[in-house]
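In: Sequence and predicted structure below; questions after.
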Amino acid sequence: MHPTGSSKRNDEERRLAMFSDVRSMTEQSSDYTTDAYALEAQGLTKRYGDLVAVDDLTLQIKKGEIFGFLGPNGAGKTTAIKMMVGLLSPTGGVVLINGQDRARVPKRSIGICPQELVLWEELTCAENLIVMGDMYDLPRTVTNERVRSLLADLALSEKANVRVSQLSGGMKRRLNVALAVIHNPDIVVLDEPSAGLDPQSRLLLWDFVRSLKNKEGKTIILTTHAMEEADALSDRIAIIDHGKLLQFDTPGNLKKTIGSGDIIEMQLADREKNEAVMADLKAVNGILEINEASGKITIRALNAVSLLPEIIERVDATRTRVSDISIRENTLEDVFIYLTGRGLRE
Amino acid sequence: MTVKFLSLAIKALKQTIRDRRSLFFLLLFPVVFMVIFAFAFGSPSSLGTGTAPHEIAVINLDQGATVSTNNTTQHINDGASFTQLLENITYAQTDTHMFNLNNVSADQAQTMLKGRALDAVITIPENFSQAVISLANASARAETTSDIGLRVINGSTAQLPVNTTLPKQSNVTAQVIVEGDTGSSTFGVAQGLIFNILEQYRSQIQATAIRQVDATLAQNQSQSNASIDYISAAVQPLTGTRSLTLFDYQAPGLIVFALLMQVSSVAQDLTRESDRGTLGRLKLSNMRSFDLLFGTLLTWIIIAVAQILLLLGVAVALGFEWSGGANSIGLAVLVGIIGGIASISLGLLLAAFTTNERQAAQLGVLIAVPVSFLTGAFFPLPNEILGTAFGTTFQVYDLLPWTQVADALRQILIYGSGFGAVAVYVGFAIVLTAILFVVGVISYSRVRLRPE
């Protein structure tokens, strides 16, 4: 069935209204003063039959910010990004790049580092980069200079003439990032850039991503499952699930406003008593949420330190004892789990 | 700034050269075939005989003759009778005909002979009927006069019976030409059969004449024989050839087989690009469809040229009788490139619809190998004539561009033919390849180069 002219208009009004709300929300929560957006998605939708992979997604990404895009597996992140960069045709909605329709924007404005390693294994590192430089019509002298500096920044200079098939996984991952920026794009999309990297490589990559923003003023869209990475790098974070935008704010604000309080993690000497203890602790004033994962009880509470004596007392009353206990601040992961739940998606 | 299609072509060439497996598949695999075929079919006695009909054409130039008997005049054509005999004759104790006569012109017969669509071409000379009459008359005269000698020996009067006249003496001779590739064992067998049948035909003429004389003179049959060889047969080697072997026929076909192997490699290569996501990366860049398609074309044309030169070199080293010098190599490479483009086009078509590298490779081989047989790359195929155009007989297999390329390569490399002689093959190969190319490019562009 096709929507009538009136219902179409209503849809459009609703979409613009939501767009306006989200814009207002993000502007208030941001530390930025600029109102120039590098990328805007308006009512972005992708349907595969009955499945709605991305559902009316509207968000704005400011120029020069690192935008974290979080969501569980299958939440619609990669589909949304593919539509934003033009690899996938949306079922509905529009994407604006620097205020212009994406289709009219030069392709060199965007660089994408896909989640998978997308490399020509039989070519050397330098050859991979040169091919992509050629594809973006860069003069060979510029390409050569970019190849040199990118390989240096990503600690791959010594591997310039080594075939990709002979590189380690971490090196391939870094080259994958270099290929996304060989043409010096304004917007860089990094889809799980640090997956499978060792801590040293991860820190090197983080420095590189920060330098893209700080030294070159690039806008970076970062999708990751590593909450620590999103927290460390992102200026603002959007969390989506089931194709819908759930929250969009700075990491600090998200941690303050969603899932407020501190986290007490406690392990009992007798795990069989976990359920009884959890049932008893629900009656304690100030405990906001209580869960069990891998035999460990997680309590989110306001003023958690002052509640500790009562919690331990109630555990003792159930004829067991606390074998391990710790208290920490709310993390982005807690926010993420709070918003998206604990259920597996795949 | 580097031209994008050149950059992509260089990239693909490097990938192919550095991937030893694909290099083996592309270059050495056909070479292995070439070596095996050279050993198996490199000698003239390499084909079996069997009792299958031999494909022949009879060019009957016989003008016929007028004979008068008992005040009646009759025009006869013994060439037509002999042709009929060839058509009707069967192998002993079977219904299988010895020959399958192809109704074609002399020029068409030559072309078919060169393409091994025919085993032999028999040319009956224009005075064949006259020679038959000469043979019959000579036999009759000999039989008639032989009786006079007997009468002398027996003391009788050496006279012809009353009302007996000797047939006129006319020493007309005719030579039936049996043309074919003297190195081909199928020709050898066909030629032997034809000679035998002609000998029997000649004996039958003599026997008939003698029987008629004996019936008239009421005498016993003597052992008289005509002293002149009125009807003879001679073998004429196929123009422009020496003693060819089946391998000489197969070597150009194996080059086409190698070109057909490109179908699998091209499909695999392009599917790998989309499978590994590198095509997606390229699509995000300023690369146009033209750059990818033309770059791919350029890469595989270079590989096709390398294949042709390598295989030709190996074939010559293994005893392939190559004619025409450097010009024929140049022309063969150009014709081979058309075959290469046809393979690339089919590869594009496969790459549009295969979902992964393995599927592309398997499907490519599944198509390329049977098509190689259908193009007659390995063995001559039975005649399945569709029709005649431009003075050439077209068969079902001719709808494949590679068949045209294989036929053209044989003409060029075996017989040293120039462009003029293969223009029809090349023309059809270009048209068929262009159709396949358009279909391949449209399919690949629509399925793979547009946003999902």
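Out: Sure, I can see it.
In: and the residue of the stretch 1-150 of chain B nearest chain A?
Out: B:Ser7 (3.8 Å; C-beta to the nearest C-beta). Backbone N, C-alpha and C define where each C-beta goes, glycine included.
In: which parts of the helix or strand encompassing that residue are buried?
Out: B:Ser7 belongs to helix B:4-18 when elements are defined using DSSP states H and E. The neighbour-count check on helix B:4-18 (16 or more other C-beta atoms under 10 Å in any protein chain shown) flags B:4-5, B:7-16, B:18 as buried.
In: and B:Phe25, which of the three is it?
Out: helix (DSSP: H, G, I helix; E, B strand; the rest coil).
In: That one touches B:Val263, doesn't it?
Out: No: B:Phe25 is not in contact with B:Val263 according to C-beta atoms under 8 Å; the separation is 11.7 Å.
In: Name the residue in these two with the higher neighbour count.
Out: Ranked by neighbour count (other C-beta atoms under 10 Å in any protein chain shown), B:Phe25 and B:Val263 place B:Val263 first, with 29 against 18.
In: What is the neighbour count of B:Gln84?
Out: Neighbour tally, B:Gln84, other C-beta under 10 Å: 12.
In: Would you mind measuring the gap between the ends of stretch B:413-421?
Out: For stretch B:413-421, the first and last residues are 12 Å from each other (C-alpha to C-alpha, to the nearest Å).
In: Mind jotting down where the helices sit in the stretch 1-150 of chain B?
Out: Using DSSP state H, counting those that start in this stretch, the helices of the stretch 1-150 of chain B run over B:4-18, B:20-23, B:29-41, B:78-88, B:106-114, B:128-153.
In: how about those helices in JSON lines, adding mean pLDDT?
Out: Shown next, in JSON lines, are those (pLDDT from 0 to 100):
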{"stretch": "helix B:4-18", "mean pLDDT": "91"}
{"stretch": "helix B:20-23", "mean pLDDT": "79"}
{"stretch": "helix B:29-41", "mean pLDDT": "77"}
{"stretch": "helix B:78-88", "mean pLDDT": "89"}
{"stretch": "helix B:106-114", "mean pLDDT": "85"}
{"stretch": "helix B:128-153", "mean pLDDT": "76"}
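In: To A:Ala301, which of those lies closest?
Out: Counting by C-beta to C-beta, A:Ala301 lies closest to helix B:4-18 out of the helices of the stretch 1-150 of chain B; the figure is 59.2 Å.
In: counting contacts, what elements does the strand or helix carrying A:Glu333 pack onto?
Out: Here A:Glu333 sits within helix A:332-340, counting by DSSP H and E. Counting contacts by 3 or more C-beta pairs under 8 Å, 6 or more residues apart in numbering or on different chains; DSSP states H and E, helix A:332-340 packs against helix A:227-233, strand A:236-241, strand A:244-249, helix A:251-257.
In: per-stretch mean pLDDT over these, give me the minimum one.
Out: Ranked by mean pLDDT, the helices and strands packed on helix A:332-340 end with helix A:251-257 at the bottom, a mean of 83.
In: what residues does that one touch?
Out: A:29, A:68, A:230-231, A:234, A:236-237, A:239, A:247, A:249, A:329-332, A:334-335 (C-beta atoms under 8 Å, 6 or more residues apart in numbering or on different chains).
In: right, and the helix or strand after that helix?
Out: Counting by DSSP H and E, what follows helix A:251-257 is strand A:262-268.
In: Give me the domain ranges for the chain.
Out: Using chain A here. With domains defined by automatic domain parsing, chain A comprises A:5-256, A:261-329.
In: you looked at the wrong chain, it should be chain B
Out: B:4-43+B:245-448, B:46-237.
In: most tightly surrounded among these?
Out: Most buried of these by mean neighbour count (mean count of other C-beta atoms under 10 Å in any protein chain shown) is domain B:4-43+B:245-448; its value is a mean of 20.
In: Contacts only, for residue 296.
Out: Here I'm looking at chain A. A:265-267.
In: you looked at the wrong chain, it should be chain B
Out: Contacts of B:Thr296 (C-beta under 8 Å, 6+ apart): B:8-9, B:12, B:266, B:269-270, B:344, B:348.
In: And these, which two are furthest apart?
Out: Using C-beta to C-beta, the pair of the contacts of B:Thr296 lying farthest apart is B:Ala9 and B:Leu348, separated by 15.1 Å.
In: how about the residues of chain A near chain B?
Out: A:82, A:85-89, A:106-108, A:110, A:112, A:114, A:116, A:118-120, A:122-123, A:127, A:130-132, A:134-140, A:163, A:179, A:183 (C-beta under 8 Å from any C-beta of the partner chain).
In: In helices only, show me those residues.
Out: A:82, A:85, A:127, A:130-132, A:134-135, A:140, A:179 (DSSP state H).
In: Tell me how far A:Asp153 lies from A:Ile182.
Out: 12 Å (C-beta to C-beta, to the nearest Å).
In: of the two, who's got more company?
Out: Using other C-beta under 10 Å, the more surrounded residue of A:Asp153 and A:Ile182 is A:Ile182, with 24 against 18.
In: quick one: the helices in the stretch 301-450 of chain B?
Out: B:325-353, B:357-374, B:401-415, B:419-448.
In: Equivalent analysis for the stretch 151-300 of chain B, please.
Out: B:185-217, B:246-275, B:278-284, B:289-317.
In: mind putting those in a markdown table, mean pLDDT included?
Out: Output for the helices of the stretch 151-300 of chain B, formatted as a markdown table (pLDDT from 0 to 100):
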| stretch | mean pLDDT |
| --- | --- |
| helix B:185-217 | 79 |
| helix B:246-275 | 89 |
| helix B:278-284 | 91 |
| helix B:289-317 | 92 |
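In: Quick one: closest of those to A:Arg102.
Out: When the helices of the stretch 151-300 of chain B are compared by C-beta to C-beta, helix B:278-284 sits nearest A:Arg102, at 11.8 Å.
In: so where is chain A shaky, pLDDT-wise?
Out: Applying pLDDT under 70 to chain A flags residues A:1-35, A:259, A:342-346.
In: Let me see the ranges of the strands in it.
Out: A:37-48, A:51-62, A:66-70, A:92-97, A:100-101, A:110-113, A:187-191, A:219-223, A:236-241, A:244-249, A:262-268, A:287-293, A:296-301, A:322-329 (DSSP state E).
In: All good on my end, thank you.
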